[in-house]
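Novice: The following block contains a protein sequence and its predicted model.
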Amino acid sequence: MSKKDAYIEKARAKIDEQIAKLDQLKAGAQDEIADKKIKTHEKIEELEAKIKDAKAHLSEMTDAAEDAWENIKNKFDNLADDIGHSFKKFFGKDEQDSDAKDAGSEGQEK
């Protein structure tokens, strides 16, 4: 076998190794995508349940007597705040805010 043939064989092996690494990366990405889909569907179901509960509280508030609606209003307000927080968390705003706060506090510690 000539030097040229040996080098070509080595180069092919290197390329095959890189292809294998790329295939592993693709498989890992597919797993991450599947996990993200599952988590997204779970979060959507959770938000739908909270919204259904909020609609029920609104209906209850509509039908409540004047002296009882205030208590229902407070429950509705708390639930509406919870839904808003869930949306922010779902879209990552809380994570970004806390990351920014953490970065700011790290800078102050130095």
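Specialist: Looks like it arrived, so ask away. Numbers count the residues shown, from 1 in each chain.
Novice: Of all the residues in stretch 37-55, which ones are buried?
Specialist: Neighbour-count burial for stretch 37-55, counted by 16 or more other C-beta atoms under 10 Å, picks out 50, 54. For glycine as for every other residue, the C-beta is placed from the backbone atoms N, C-alpha and C.
Novice: Can I get that stretch in CSV? Just the C-alpha atoms.
Specialist: In CSV, the C-alpha atoms belonging to stretch 37-55 read as follows (Å, rounded to 0.1, in the frame of the first residue of the first chain):
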residue,chain,number,x,y,z
LYS,A,37,-43.1,18.6,22.7
ILE,A,38,-44.2,16.5,25.6
LYS,A,39,-43.5,19.3,28.1
THR,A,40,-45.3,21.8,25.8
HIS,A,41,-48.4,19.6,25.6
GLU,A,42,-48.4,19.1,29.4
LYS,A,43,-48.1,22.9,29.9
ILE,A,44,-50.9,23.6,27.4
GLU,A,45,-53.2,21.1,29.2
GLU,A,46,-52.3,22.8,32.5
LEU,A,47,-53.1,26.2,31.1
GLU,A,48,-56.3,25.0,29.5
ALA,A,49,-57.4,23.6,32.9
LYS,A,50,-56.7,26.9,34.6
ILE,A,51,-58.5,28.9,32.0
LYS,A,52,-61.5,26.5,32.3
ASP,A,53,-61.4,27.1,36.1
ALA,A,54,-61.2,30.9,35.6
LYS,A,55,-64.3,30.7,33.3
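Novice: who does the helix or strand where residue 52 lies touch, helix- and strand-wise?
Specialist: Under the criterion of DSSP states H and E, residue 52 resides in helix 3-63. On a contact count with 3 or more C-beta pairs under 8 Å, 6 or more residues apart in numbering; DSSP states H and E, helix 3-63 meets helix 69-90.
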